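Novice: Return a 3D structure for these sequence lines:
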Amino acid sequence: MTNETRVLYNGDCPVCSFEINHYADYSQRSHLPIRFEDLNQDALDDWGLTRDAAARRLYVLKDGQMYSGIPAFIVLWQDMPRYRWLARFVSLPGVNRLACLTYDHILAPAIYRWHLRRLGATSTQS
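Specialist: Residues are numbered from 1 along each chain as shown. Okay, here's the model as predicted:
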């Protein structure tokens, strides 16, 4: 197994790309073994996900295990020294439950709906 962490994100989403670009810049400067893959540019075959499913939330592959949502963020943050404190904090039982509920039922769906509206606006302008 590789030591590399792979992150699948939606580079066409302004919210997603803003956050992930920050992590990618930090990871590159720190020479961390993290690879960031834009679902719009990289092959999804390794991930076993459709483009639509991949656009709904963050996915991380680490040591052959796939994580999504808040667990994916935790794995990513654990691999970045500057964010390990955040991984520990969000892993606390009460905080984790609240973070998962907020991400799964509010943030990820809202960002995904925004993504779909943007796609609709783009396709009608074409």
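
Novice: Quick check, Leu76 in contact with Ile34.
Specialist: Yes: the criterion here is CB atoms under 8 Å, and Leu76 meets it with Ile34 at 7.2 Å. Any C-beta I mention is one placed from the backbone N, CA and C, and that applies to glycine too.

Novice: Out of those two, name the residue with the larger neighbour count.
Specialist: Comparing Leu76 with Ile34 by neighbour count (other CB atoms under 10 Å), the higher total belongs to Leu76, at 24 against 20.

Novice: Check which helix or strand the more buried one maps to.
Specialist: Using DSSP states H and E, Leu76 sits in helix 70-78.

Novice: which residues do Leu76 and Ile34 both contact?
Specialist: Between them, Leu76 and Ile34 share these contacting residues under CB atoms under 8 Å, 6 or more residues apart in numbering: Thr5, Val7, Tyr23.

Novice: number of nearby residues for Leu86?
Specialist: Neighbour count for Leu86, taken as other CB under 10 Å: 15.
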